[in-house]
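Engineer: fold the following for me, if possible:
(chains A and B)
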Number of protein chains: 2
Amino acid sequence: MRPAAIPFTPIALRRVEPVPSDLEIAQAADLKPILQVGEELGILPDELELYGPHKAKVRLEVLDRLRQAPLGKYIDVTAITPTPLGEGKTTTTVGLSQALGAHLGKRVVTCIRQPSQGPTFGIKGGAAGGGYSQVIPMEDFNLHLTGDIHAITAAHNLVAAAIDARILHEAGARDEQLFDRIFPKDRKGKRRFPRTLRTRCERLGLPARDPEHLSPEERRRVCRLDIDPAAVTWRRVVDTSDRFLRGITVGQGEEEKGFARETGFDIAVASEIMAVLALASGLQDMRRRLGDIVIGLDRQGRPVTTEDLGVAGAMTVLMRDALKPTLMQTLEGTPVFVHAGPFANIAHGNSSILADQIALRLADYVVTESGFGADMGMEKFFDIKCRVSGLVPDVVVLVATVRALKMHGGGPKVVAGKPLDPVYVEENLDLLRKGLPNLQAHIGIARKFGVPVVVAVNGFATDTEAELELVRAASEESGAEAAVVCRNWALGGEGALDLAEAVMRAAEKPSAFQFLYPLEATIQQKIETIAREVYGADGVDYSPEAERKIEEYTRLGYGRLPICMAKTHLSLSHDPALKGAPRGFRIPVRDIRASVGAGFLYPLLGKMATMPGLPTRPGFYDVDIDPETGRVVGLF
Amino acid sequence: MRPAAIPFTPIALRRVEPVPSDLEIAQAADLKPILQVGEELGILPDELELYGPHKAKVRLEVLDRLRQAPLGKYIDVTAITPTPLGEGKTTTTVGLSQALGAHLGKRVVTCIRQPSQGPTFGIKGGAAGGGYSQVIPMEDFNLHLTGDIHAITAAHNLVAAAIDARILHEAGARDEQLFDRIFPKDRKGKRRFPRTLRTRCERLGLPARDPEHLSPEERRRVCRLDIDPAAVTWRRVVDTSDRFLRGITVGQGEEEKGFARETGFDIAVASEIMAVLALASGLQDMRRRLGDIVIGLDRQGRPVTTEDLGVAGAMTVLMRDALKPTLMQTLEGTPVFVHAGPFANIAHGNSSILADQIALRLADYVVTESGFGADMGMEKFFDIKCRVSGLVPDVVVLVATVRALKMHGGGPKVVAGKPLDPVYVEENLDLLRKGLPNLQAHIGIARKFGVPVVVAVNGFATDTEAELELVRAASEESGAEAAVVCRNWALGGEGALDLAEAVMRAAEKPSAFQFLYPLEATIQQKIETIAREVYGADGVDYSPEAERKIEEYTRLGYGRLPICMAKTHLSLSHDPALKGAPRGFRIPVRDIRASVGAGFLYPLLGKMATMPGLPTRPGFYDVDIDPETGRVVGLF
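Structural biologist: Alright, predicted model coming up:
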């Protein structure tokens, strides 16, 4: 059934004990040429654009060739409500793929997000999995990769520059001057109508005819965007954790006097362009979405788009190569698509639809990962990503750790960089039992969508048999198909064989997948459905600002967009302090924002951090080039 | 003599009249696989890292293999003082290479700079040459390329984030807290000395011993950088023409209250890291230079470096791939190295030493281009770049146009985007004759360095025979080896055959190359030598600030660095309004800055624009994806 390919050759792990650092493991690994990884998967050499020997972009033409290919099984890896340390979701995603591909002889693709470079140099370190379940080369994965985030940064900041320059130039020009500049005469004295302004004219109800025939009033309406500087919502982005850019004043140069305004930078992956990249179905669809982005309002309160600014075409050109997923490999030589990396609160937190589309036509099993817990990235995977793509998920893998469950049971606060409290490394069945409702709630959320759930307990050396057995029993009691312990951090794919077999069994069940809400529901209905059904809230309270936005967005026709809740990932509720499975709370909606290009509304349930900071001694202190070998050191 | 290679196959131009747009020519071109381009030049497939089918990075290992190879002829293309339209220097550089390689059977490499993306979307358009003398694919050349400028942006802004975060964290921490954070205990309770702090200790005269044995005073001196916020000279960068970032206030977020300070962004190519990239001789040399960068002063007025911040290793890791030149090709299939693109006023304005080093060991002729006129990029090519590399130039090609010479003769102002005055398109021998001193002055500058000069008159259809003859005669009179008319914009390499033959003849002359000044001269002596010998000034006047800096830099040991004059390129003097070959003026030095990592001092002779703006209707208005073909349109 699958397209012709050369036989898959697994890479044998040369495991060492104790398990070395992630970077040491990654650098000691044998790598296949990426052309071979592609060919083993059924990608033709001409369909790959190499970026060095171990990375390649996959040309979208592959989708045309495989239009008739059957779809593989579609598996989403999610997690319970995590501690700030994370519960090993990417490690499990990679380990499951290694088990399926390198041990059980299945054709498998891992589809994951590209990480931001900012946190890599701050606290977080790498994001390529860990131990013997990693994507390699890990330096490439964590830094630059094939430039997609850089392209997003370039496209995003071009829009920002265009906004402020336009405000400045409009202020200093009379209508006729503006018209002469926007519709310049060519050498033959003729003015042309650029494609980008046709869309604006359509929206304004004006004919896109010979510009000379426009009336003075029509000329003004087309050429003067009249952007309200106080209503610009488009900020700037940088892929660096730079807290001093959170709140800034721009336009304080000599030549911009009188136009200073307050704004700020977000980290690049928070850009709406990242969400567009992840949801686009092709070049033309990306072009349309990029042009639909609303950057703010004019002085009459009407949305102003990137198309109005004439910049959407240039954004698309900057993003042209970024639209192609990047092929890499795991430590055991199975193929990985790395593509897009939107936030999982203000955006939907899933890797790209295009990568999944290609992968599902090439592989028996496609393992992807959604951001944060089942209440966050998984809900959005279903209600936003699958709705846009039309793809139907087959299995949810829910990653849990005994450590996190003990925290949910009331264990002391877990803080990154600080030693763990003894309760987390000694048997404590009571604390663990009290934390189980969080796991059970997450299982329940996945089941609401009609998708079979397999619980993957990421096992630590300090977990006891009794503890693991307690988690297993509770999982199956709550309707999970299975609950298995994974040891793939220490063992690679071999440590995820039980998980792989449980997933394969679950994937054979007929899918009863359904969305949580219909798009036709009102904005309030959609928000309340998620709040009650997913978060377990009693109801929703809207601020006056949120109510005003609901009215405005409904009027503008955005009411039919899906909802992307910007909620903390540290609790099922909106309050990060509420662990376990909280009950008896109401969700406060502070404000609602629109990502019209990406295609969703995002209610804000609190303050979302969109620009990380650096600690006193950032991770970059240890990062260097070994003077002898030229290799990277210190990137953990 | 040359390393084994497959035979070179020229690409035949399919010329059309009238000459289509640059993008149309570029997209209609036949491209060789870049592996073939490399092999024809003698680069082994393993020494290339492909970035798609038509770009590749060249691994520096090639230099080890070719250590014994003889050096080819080294040709620098420069220009007279240009009009704001530019005189076709890149077009001449590419055309000369096409003539040598595709018509005269010589092994040739073109070495040019990577352009900034900012102006591409503003006024300037592409920078890949023009007409039938271009580097292709031109979209790739102008956008992203292989990510080097993005890497510079990432490394630069990581330093900026590190500076402000450090100021904030130091303010909130007692000495002992700071020590505990900078020298954290590992699992065994031991504190290690990171490599990056060893350099700081050496400079402070402290032993880099077990941190536990440092006295409280020593701990404070190592850990507390005590950066003076008012003395931070490191700004941020973005590769977008964003004038609203020229002057900004950062640190206005909730959590940075009390730490706001004024700063700004420059365009990414203005980063000192770009100058470092262009001057580095290898990975270790780049590591050293990146660590030597001075970001500002502490409260005692001592320089603070990136090494002090612990960030130089991470910068090097971010720049690791950028250090490899990118291989591309001309329209006639000859090889091109694109690498680095520093400013030619605040920096030295030349492509990388590494690209030239590799090229000279592979080719009979290496044609490179320096920024602006002979007074600017060429002087720096000799006194900075050749001094660092030890390479000896063989020929200077000086590009002139009748149009620019008429401007120097007193013709009306030439403004980009505005129609040309008739004097520029009709015969006017008088105006032309009056402008010749500019050409003759530039010939004289090159001859001061002992290098033979060939004048390349970039011929326009409107130039008359009498005009061209006048330029030829004046050139030879002033000591040029030859002066030839080039038609390569319209004809490709065939139009530069006369130039190629003249260059080959000139290259056979024994080189009498010498620097203009010795490094041992004082800062003032060096500045005055350039001002008198190159610019034709009567002397130099220093502001009190400049005098203070001379004293300070001399004290800090920077007095032995070469000088990189930050002067306008629109005049031989410091005043852009003075055309021709001005006399009887003195050069005012407003201030002096130090690029300690790159390794030069740059006196400021006026306000240098380091962040372009966008016009009312930027070039991006026309840039888009063709909905039918997916090809880029409108990138001229």
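Engineer: for A:Ile149, give me its contacts.
Structural biologist: Contacts here follow C-beta atoms under 8 Å, 6 or more residues apart in numbering or on different chains; on that basis A:Ile149 touches A:114, A:116-117, A:239, A:268-269, A:274, A:341. Placement of C-beta: from N, CA and C, glycine included.
Engineer: then A:Arg192?
Structural biologist: Here A:Arg192 is in contact with A:183, A:186, A:211 (C-beta under 8 Å, 6+ apart).
Engineer: swap in A:Glu254?
Structural biologist: A:Glu254 touches B:246-247, counting by C-beta under 8 Å, 6+ apart.
Engineer: and for the one 3 residues further on?
Structural biologist: A:Lys257 makes contact with no residue under the criterion C-beta under 8 Å, 6+ apart.
Engineer: equivalent analysis for the one 10 residues further on, please.
Structural biologist: If you count contacts by C-beta under 8 Å, 6+ apart, A:Ile267 has them with A:116, A:118, A:237-241, A:610-612.
Engineer: hey, where'd the helices end up in the stretch 501-636 of chain A?
Structural biologist: A:523-529, A:544-555 (DSSP state H, counting those that start in this stretch).
Engineer: nearest to chain B, out of those helices?
Structural biologist: The closest of the helices of the stretch 501-636 of chain A to chain B is helix A:544-555. By C-beta to the nearest C-beta, the value is 18.5 Å.
Engineer: and the closest one, what's buried?
Structural biologist: A:546, A:549-550, A:553 (16 or more other C-beta atoms under 10 Å in any protein chain shown).
Engineer: what's opposite the closest residue to chain B within the stretch 501-636 of chain A in the beta bridge?
Structural biologist: Here the stretch 501-636 of chain A gets closest to chain B at one residue, A:Asp624, 2.9 Å apart by C-beta to the nearest C-beta. A:Asp624 forms beta bridges with A:Val633, as assigned by DSSP bridges.
Engineer: so it touches B:Val317, yeah?
Structural biologist: Yes - between A:Asp624 and B:Val317 there is a contact at 6.9 Å, judged by C-beta atoms under 8 Å.
Engineer: now for those two: what residues contact both?
Structural biologist: A:Val632.
Engineer: strands along the stretch 251-400 of chain A, start to end?
Structural biologist: In the stretch 251-400 of chain A, strands defined by DSSP state E, counting those that start in this stretch lie at A:261-263, A:265-267, A:294-298, A:303-305, A:326-330, A:335-338, A:365-369, A:395-400, listed in chain order.
Engineer: same deal with the stretch 101-250 of chain A?
Structural biologist: Under DSSP E, counting those that start in this stretch, the stretch 101-250 of chain A gives strands at A:108-112, A:129-130, A:133-136, A:227-232, A:236-238, A:248-250.
Engineer: from those, which stretch is densest packed?
Structural biologist: strand A:108-112 (a mean of 31; mean count of other C-beta atoms under 10 Å in any protein chain shown).
Engineer: who does it touch, helix- and strand-wise?
Structural biologist: helix A:89-98, strand A:335-338, helix A:353-362, strand A:365-369 (3 or more C-beta pairs under 8 Å, 6 or more residues apart in numbering or on different chains; DSSP states H and E).
Engineer: how about a cut-off of 10 Å?
Structural biologist: When contacts are defined as 3 or more C-beta pairs under 10 Å, 6 or more residues apart in numbering or on different chains; DSSP states H and E, strand A:108-112 sits against strand A:73-79, helix A:89-98, strand A:133-136, strand A:326-330, strand A:335-338, helix A:353-362, strand A:365-369.
Engineer: which secondary element of chain A has the worst mean pLDDT?
Structural biologist: helix A:195-204 (a mean of 86; mean pLDDT, DSSP states H and E).
Engineer: for A:Val457, name its beta-bridge partners.
Structural biologist: A:Ala400, A:Val485.
Engineer: that one and A:Cys486 touch, don't they?
Structural biologist: Yes - taking contacts as C-beta atoms under 10 Å, A:Val457 lies within contact range of A:Cys486: 6.6 Å.
Engineer: mind listing what's buried along the least confident helix or strand of chain A?
Structural biologist: A:195-197, A:199-201.
Engineer: right, is it up against chain B?
Structural biologist: Yes - contact of helix A:195-204 with chain B (C-beta under 10 Å from any C-beta of the partner chain) involves A:195-197.
Engineer: what's the span of stretch A:24-42, first residue to last?
Structural biologist: 31 Å (C-alpha to C-alpha, to the nearest Å).
Engineer: look up how far A:His569 lies from the residue lying closest to A:Thr568 once chain neighbours are set aside.
Structural biologist: With sequence-adjacent residues excluded and distances taken as C-beta to C-beta, 6 or more residues apart in numbering or on different chains, A:Thr568 is closest to A:Pro576, at 4.5 Å. According to C-beta to C-beta, to the nearest Å, A:Pro576 and A:His569 sit 8 Å apart.
Engineer: between the two, which is the more surrounded one?
Structural biologist: Shown here are A:Pro576 and A:His569; by other C-beta atoms under 10 Å in any protein chain shown, A:His569 has more neighbours (19 against 14).
Engineer: list phi and psi for the more buried one.
Structural biologist: phi -90, psi 0 (degrees, to the nearest 10).
Engineer: how far away is it from A:Met378?
Structural biologist: On the measure of C-beta to C-beta, A:His569 and A:Met378 end up 11 Å apart.
Engineer: can you check which residues contact both of these two?
Structural biologist: A:79, A:344, A:349, A:371-372 (C-beta atoms under 10 Å, 6 or more residues apart in numbering or on different chains).
Engineer: quick one: pLDDT of the residue nearest to A:Thr568?
Structural biologist: What the model reports for A:Pro576 is a pLDDT of 96.
Engineer: mind listing what it touches?
Structural biologist: A:81, A:84, A:567-570, A:606.
Engineer: neighbour-wise, which of those residues leads?
Structural biologist: Most surrounded of the contacts of A:Pro576: other C-beta under 10 Å gives A:Thr81, at 31 neighbours.
Engineer: pretty sure that one sits in a strand.
Structural biologist: No - using DSSP: H, G, I helix; E, B strand; the rest coil, the assignment for A:Thr81 is coil, not a strand.
Engineer: apart from its neighbours in sequence, what residue is nearest it?
Structural biologist: Closest to A:Thr81 by C-beta to C-beta, 6+ apart is A:Gly373, at 5.0 Å.
Engineer: then A:Glu61?
Structural biologist: A:Glu47 (6.2 Å).
Engineer: quick check: phi and psi at the one you found.
Structural biologist: According to degrees, to the nearest 10, A:Glu47 has phi -90, psi 0.
Engineer: who are the contact partners of it?
Structural biologist: A:Glu47 neighbours (C-beta under 10 Å, 6+ apart): A:38, A:56-63, A:65-66, A:324, A:327, A:358.
Engineer: same check on A:Gly584?
Structural biologist: Contacts of A:Gly584 by C-beta under 10 Å, 6+ apart are A:536-538, A:573.
Engineer: among the residues you listed, which one has the most neighbours?
Structural biologist: Most surrounded of those: other C-beta under 10 Å gives A:Ser573, at 26 neighbours.
Engineer: run a quick neighbour tally on the spatially closest residue to it that is not a sequence neighbour.
Structural biologist: Leaving aside its sequence neighbours, A:Ser573 sits nearest to A:Pro582 (C-beta to C-beta, 6+ apart; 4.6 Å). By other C-beta under 10 Å, the residues close to A:Pro582 number 19.
Engineer: ok, A:Pro582 touching A:Asp375?
Structural biologist: No - the criterion here is C-beta under 10 Å, and A:Pro582 misses it with A:Asp375 at 11.3 Å.
Engineer: any common contacting residues for these two?
Structural biologist: A:441, A:535-536, A:571-573.
Engineer: how about the residue in the stretch 301-450 of chain A positioned nearest to chain B, what does it touch?
Structural biologist: Per C-beta to the nearest C-beta, A:Gly313 is where the stretch 301-450 of chain A lies closest to chain B, at 2.9 Å. Counting by C-beta under 10 Å, 6+ apart, A:Gly313 touches A:194-196, A:287, A:290-291, A:306-307, B:620-626, B:632-634.
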